[in-house]
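S.K.: 3D model of this:
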Amino acid sequence: MSMMYVAPEQQMKDRADFARKGIARGRSVVVLRYDKGICFVAENRSQALHKVSEIYDRIGFAAVGRYNEFENLRIAGIRHADMRGYSYDRADVTGRGLANAYAQLLGTIFSAGAEKPYEVEIVVAELGQDAVDDQIYRLTYDGSVGDEEHFAVMGGQADSISTVLSEGWVDGLSLTDAIALALKGLSSNRADGDDITHDALEVAVLDRTRTQPRKFHRVGPDEVAGSLNDPSTKAPSAPGES
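M.R.: Now for the predicted structure:
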């Protein structure tokens, strides 16, 4: 039986298209800076299957795509961080080091012809001692790493959501305004035309003002609704809007 030759470039393109299609089907996640740290906002109606999690004291994790695949990555990241913190020092566990480890793993999986590429995108965010030291790393299915300055968007209609965020983001956003802006972006260009309410959001923060070494904190639906005053509120008006 004859074997069909497929050029390596075509193989990589096919694998990339496969991964992108899987990721695009997932509901989006927004990660953005606010005045006290870093905020994670995901459209997620499940109370058990989280898209946003804690990795270490000052490091958070967010993902879109196939749940079993990014859950494996989350667990691997926790093990990596725990081992490094135990073997050396807790201060040696950094977002950059974790992002590099994830990049190597995802790049190896994507390049290997024996298994399909992971249908995931992830964000590793690290809270610095000061706002200028905060880091947001976005990693794609092939191991590419982007160092995002103000916010990162993954999954679904990421481009249109990024446009909304870039128009409304300003330095020093309060947590309320950050959640509202993320909700406005997530609600834009929805195929079903429905607004996203507070109970369909998964929200967490890395809060610099917390006195505990662990800075990760989940924001419950009631707290989200209270901070927005109205579950249907999507965002404050942008400059020039009425």
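S.K.: so after the lengthiest helix in the chain, what's the next helix or strand?
M.R.: Looking across the chain with DSSP state H, the single longest helix is helix 67-87. Where DSSP states H and E defines the elements, the next helix or strand beyond helix 67-87 is helix 95-111.
S.K.: who touches the longest helix of the chain?
M.R.: 49, 51, 53, 55-56, 59, 61, 63-64, 92-93, 97-98, 101-102, 105-106, 118-120, 122, 124 (CB atoms under 8 Å, 6 or more residues apart in numbering). (Each C-beta comes from the backbone N, C-alpha and C, glycine too.)
S.K.: just the buried members of the residues you listed?
M.R.: 51, 53, 55-56, 59, 61, 63-64, 93, 97-98, 101-102, 105-106, 118-120, 122, 124 (16 or more other CB atoms under 10 Å).
S.K.: what about residue 38, is that helix, strand or coil?
M.R.: Following DSSP: H, G, I helix; E, B strand; the rest coil, residue 38 is assigned to strand.
S.K.: run the angle between the longest helix of the chain and helix 95-111 for me.
M.R.: Here helix 67-87 runs at an angle of 140 degrees relative to helix 95-111 (axes from the mean of the first three to the mean of the last three CA atoms, to 10 degrees).
S.K.: center of the protein - which residue?
M.R.: Taking CA atoms, centre = their mean, the centroid of the chain lies closest to residue 62, which sits 3.6 Å from it.
S.K.: check which helices and strands the helix or strand where residue 161 lies sits against.
M.R.: Taking DSSP H and E as the criterion, residue 161 maps to helix 158-168. Packing partners of helix 158-168 (3 or more CB pairs under 8 Å, 6 or more residues apart in numbering; DSSP states H and E): strand 29-34, strand 151-154, helix 175-187.
S.K.: in TSV: the ones you listed, plus mean pLDDT, mean neighbour count and distance to residue 212.
M.R.: Shown next, in TSV, are these (pLDDT from 0 to 100; neighbours: other CB atoms under 10 Å; distance: least, CB to CB, whole Å):
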stretch	mean pLDDT	mean neighbour count	distance to residue 212
strand 29-34	96	26	19
strand 151-154	95	26	25
helix 175-187	92	24	18
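S.K.: so where's the protein shaky on pLDDT?
M.R.: Across the chain, the ranges flagged by pLDDT under 70 are 1-3, 5-6, 189-194, 229-242.
S.K.: kindly recompute the last result at 90.
M.R.: By pLDDT under 90, the weakly predicted segments of the chain are 1-15, 24-27, 44-48, 111-115, 155-159, 187-200, 220-242.
S.K.: how much space is there between the residue lying closest to residue 143 once chain neighbours are set aside and residue 12?
M.R.: Distance criterion CB to CB, 6 or more residues apart in numbering; nearest residue to residue 143, sequence neighbours excluded, is residue 107 at 2.9 Å. The gap separating residue 107 from residue 12 is 12 Å, by CB to CB, to the nearest Å.
S.K.: give me the more crowded residue out of the two.
M.R.: residue 107 (17 against 14; other CB atoms under 10 Å).
S.K.: wait, doesn't the more buried one sit right on residue 142?
M.R.: Yes: Residue 107 is within contact range of residue 142, at 6.3 Å (criterion: CB atoms under 8 Å).
S.K.: now the helices and strands packed on helix 158-168 in TSV, with distance to residue 137?
M.R.: Output for these, formatted as TSV (distance: least, CB to CB, whole Å):
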stretch	distance to residue 137
strand 29-34	10
strand 151-154	8
helix 175-187	18
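S.K.: looking at the ones you listed, which is closest to residue 17?
M.R.: Of all the helices and strands packed on helix 158-168, strand 151-154 sits nearest to residue 17, with 17.4 Å by CB to CB.
S.K.: please save the CA atoms from the closest one in CSV.
M.R.: Written as CSV, here are the backbone C-alpha positions of strand 151-154 (Å, rounded to 0.1, in the frame of the first residue of the first chain):
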residue,chain,number,x,y,z
PHE,A,151,-4.8,42.5,29.6
ALA,A,152,-5.1,39.2,27.8
VAL,A,153,-8.1,37.6,26.1
MET,A,154,-8.5,33.9,25.1
